[in-house]
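Student: okay, sequence plus prediction incoming.
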Amino acid sequence: MSETRRKLTTIFCADVQDYSRLMGADEEGTLATLKHYRDAMARLIASHDGRVVNTWGDGLIAEFPSVVEAVRAAVDVQNELAGLNAGLPNAARMFFRIGINLGDVIAEGKDIYGDGVNIASRLQASAPAGGVVISNTVYDQVRNKVAVGFDFLGQLEVKNIEGGVPSYAVRIGAGEDRAGPTADPVFGRQAQPLQPAAAAPIRRHSRAYMVLAVIAAGVVAINLLSWRGEFWAVWPLFGIGLAAALLWIRTSRVDRGFATLAVAGLAIVTINLLSWSGEFWARWPLLGLAIAAAIRWVMRGRGSVGR
């Protein structure tokens, strides 16, 4: 029976974008290309001191003792596969998506299991064709050690991981070169090249803040233009500020639980002050929130020890 143990390792997950479409169009050709590309990946992984753990279908899992070498291997893989794709017709090109995570895993024989692997798989599923997405644990280790750029993608929702996992796209090169137009298998049209993965969420969040700011300005303007001696706009402004704070919690790299408790505490104090009647009644809700934060802190500490 194989020994089971825990270890910290860098997990590298890869699979093929649109594999079913490729198989439907040319089964034998797709299998030959897959074998050729996986052999190239295995060679590059080994050259960076990595080890292929498992392959299944169109997928591959590898592990690396070095986080930096794992990212370098991923970049080398995507660059080499881009060169191989350049010699194929558009419809036959095979693009891999890669996800990398540094995490604690359960090792049994040559296999690895656990949340560390699940996160890497989820990162891989969110990567664009020909792209690489890494977790924040990887980013913290490599951001000043590899000659590539990174785009923050926000919190990636992962099953059993509260608050999600902050993720980053690795800027390898022009996306159009790697993921050029491919034929639509049904209508024969040319699909559009993938856009940089981080651009959409960043623009969306910026627009949301701008909309809130415009609404706030409009409320203040209405109050001033219809002035009757009362600045009633303070309450709508309070609601807008609360919405902005919750949006910030959702899109930033903070612990959502603690941040939500902090915003709730600030909101209670603000309500107390805006409706002041000579009593600071907010102290009791604040005490309850402080107890909730302390319990959360203790439970997180126990979870870390358990791992």
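Tutor: Noted; the coordinates are in hand. Numbers count the residues shown, from 1 in each chain.
Student: residue boundaries of the helices in the stretch 151-300 of the chain?
Tutor: 175-178, 199-225, 234-251, 256-274, 283-306 (DSSP state H, counting those that start in this stretch).
Student: CSV for those, including mean neighbour count, mean pLDDT and distance to Q155?
Tutor: For every residue, glycine as well, the C-beta is placed using N, CA and C. Shown next, in CSV, are the helices of the stretch 151-300 of the chain (neighbours: other CB atoms under 10 Å; pLDDT from 0 to 100; distance: least, CB to CB, whole Å):
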stretch, mean neighbour count, mean pLDDT, distance to Q155
helix 175-178, 17, 40, 23
helix 199-225, 13, 80, 10
helix 234-251, 15, 86, 7
helix 256-274, 16, 88, 8
helix 283-306, 12, 74, 17
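Student: among the ones you listed, which is nearest P89?
Tutor: Among the helices of the stretch 151-300 of the chain, the nearest to P89 by CB to CB is helix 175-178 (15.7 Å).
Student: any weak-confidence spans in this structure?
Tutor: Applying pLDDT under 70 to the chain flags the ranges 1-2, 173-205, 251-255, 299-307.
Student: ok, which of the helices of the stretch 151-300 of the chain comes nearest L102?
Tutor: Minimum separation from L102 across the helices of the stretch 151-300 of the chain (CB to CB) falls at helix 283-306, 15.5 Å.
Student: picking up where we left off before, output the helices of the stretch 151-300 of the chain as TSV; include the columns distance to D111.
Tutor: Below are the helices of the stretch 151-300 of the chain laid out as TSV (distance: least, CB to CB, whole Å):
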stretch	distance to D111
helix 175-178	31
helix 199-225	34
helix 234-251	36
helix 256-274	32
helix 283-306	22
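Student: report the beta-bridge partners for the most centrally placed residue in the chain.
Tutor: Geometric centre of the chain, nearest residue: S167, 3.0 Å, by CA atoms, centre = their mean. S167 has the following beta-bridge partners by DSSP bridges: S135, G154.
Student: burial check on A129, number of neighbours?
Tutor: Look at A129: counted by other CB atoms under 10 Å, it has 21 neighbours.
Student: using the three-state scheme, assign it.
Tutor: coil (DSSP: H, G, I helix; E, B strand; the rest coil).
Student: wait, it touches M94, no?
Tutor: No: the pair A129 / M94 is not scored as a contact, 9.3 Å apart, by CB atoms under 8 Å.
Student: would you map the helices across the stretch 1-150 of the chain?
Tutor: 19-25, 27-47, 67-85, 115-126, 136-142.
Student: which among those is found nearest to L261?
Tutor: Closest to L261 of the helices of the stretch 1-150 of the chain is helix 136-142 (CB to CB; 21.6 Å).
Student: sorry, back to before: quick one, what contacts the residue nearest to the centre of the chain?
Tutor: S167 makes contact with 123, 126, 133-136, 152-156, according to CB atoms under 8 Å, 6 or more residues apart in numbering.
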